[in-house]
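In: sequence and predicted structure, then a few things I'm wondering about:
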Amino acid sequence: MSDANTDAPKKKGKLLKIILMILGFLLFLGGGFAGGVYYAGMQMSPSEEVLRLVERTNGEGGEGGEEGGEGEGEEGEGGPQRMVKDIPETPVFQTSYYEFPDTLTTNLKGSRRFLQVGIGMSTQYDASVITNVETHAMAIRSDFLAVISGFSEDDVAGMDGRDRLAEAMKAAVNKRLEELEGFGGIENVFFPSFVLQ
């Protein structure tokens, strides 16, 4: 009977040691993970470091020094500025896209057929251009309907026809934005869907 009583504390002692070892191991892992996250958060990526250096250089030498970048000076101080993706030797600008949620359907000039198009557009200027498009979406859609209805079935045939339609729509949206906001900024119009019915 005394053997049974001495085995129970030994088993409890072994179980306690195993639990403490597991807890210690988990604590060690958690500390290593937290230290790694903290250390990784302290370092800047190479692109962030370049941006920091460029901002510091521009701050010391005035507004970009004597040489202006490609996107600077186009719209003055108050207009949208081009968004720079990274700072390589030659600037590469980030392109933002916007797609109207609904398709447009309208008659073509001199035809009983309809054209149904999904419309997207892109800009390399800042988010204010896309915000302006969203704000004036109803007026822009109306302008698009007027442009599309001015094209005949033959005018929109083939890639050249689609390109001419896209150019006309780009001119229409930029004209509307210039009237309402003082700046267009849309650089391309795309057709995610294009159905002639």
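Out: Looks like it arrived, so ask away.
In: spatially nearest residue to Asp126, not counting backbone neighbours?
Out: Pro80 (4.8 Å; C-beta to C-beta, 6 or more residues apart in numbering). Quick note: C-beta positions are derived from backbone N, CA and C, even for glycine.
In: wasn't the one you found part of a strand?
Out: No - the secondary structure assignment for Pro80 gives coil rather than a strand, going by DSSP: H, G, I helix; E, B strand; the rest coil.
In: what's the per-residue pLDDT of it here?
Out: Here, the pLDDT recorded for Pro80 equals 72.
In: residues near it, how many?
Out: Here the number of neighbours of Pro80 (other C-beta atoms under 10 Å) works out to 22.
In: low-confidence ranges in the protein?
Out: Scanning the chain for pLDDT under 70 picks out the ranges 1-9, 39-47, 49-50, 53, 56-79, 81-92.
In: ranges for the helices of it?
Out: 2-42, 46-60, 127-135, 137-149, 158-181 (DSSP state H).
In: mind giving me a markdown table with these and columns for distance to Thr103?
Out: A markdown table is the format used below for those (distance: least, C-beta to C-beta, whole Å):
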| stretch | distance to Thr103 |
| --- | --- |
| helix 2-42 | 45 |
| helix 46-60 | 38 |
| helix 127-135 | 17 |
| helix 137-149 | 11 |
| helix 158-181 | 14 |
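In: out of these, which comes closest to Asp102?
Out: In terms of C-beta to C-beta, the element of these nearest to Asp102 is helix 137-149, at 8.4 Å.
In: still on that earlier bit, can you list the helices of the chain in CSV and add mean neighbour count and distance to Arg112?
Out: Putting those into CSV (neighbours: other C-beta atoms under 10 Å; distance: least, C-beta to C-beta, whole Å) gives the following:
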stretch, mean neighbour count, distance to Arg112
helix 2-42, 9, 64
helix 46-60, 11, 55
helix 127-135, 17, 32
helix 137-149, 16, 13
helix 158-181, 16, 18
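In: which one of those lies closest to Glu99?
Out: Minimum separation from Glu99 across the helices of the chain (C-beta to C-beta) falls at helix 127-135, 10.4 Å.
In: which residues touch the closest one?
Out: Residues outside helix 127-135 that contact it (C-beta atoms under 8 Å, 6 or more residues apart in numbering): 80, 83, 96, 98, 121, 123, 140, 173, 177, 180-181, 183-186.
In: what about dumping the CA coordinates of that helix to PDB?
Out: Extracted as PDB, the C-alpha positions of helix 127-135 are listed here (Å, rounded to 0.1, in the frame of the first residue of the first chain):
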ATOM      1  CA  ALA A 127      -6.800  59.900 -55.700                       C
ATOM      2  CA  SER A 128      -8.500  63.200 -56.100                       C
ATOM      3  CA  VAL A 129      -9.100  62.500 -59.800                       C
ATOM      4  CA  ILE A 130     -10.900  59.200 -59.000                       C
ATOM      5  CA  THR A 131     -12.800  61.000 -56.300                       C
ATOM      6  CA  ASN A 132     -13.900  63.700 -58.800                       C
ATOM      7  CA  VAL A 133     -15.100  61.000 -61.200                       C
ATOM      8  CA  GLU A 134     -17.100  59.300 -58.400                       C
ATOM      9  CA  THR A 135     -18.600  62.700 -57.400                       C
END
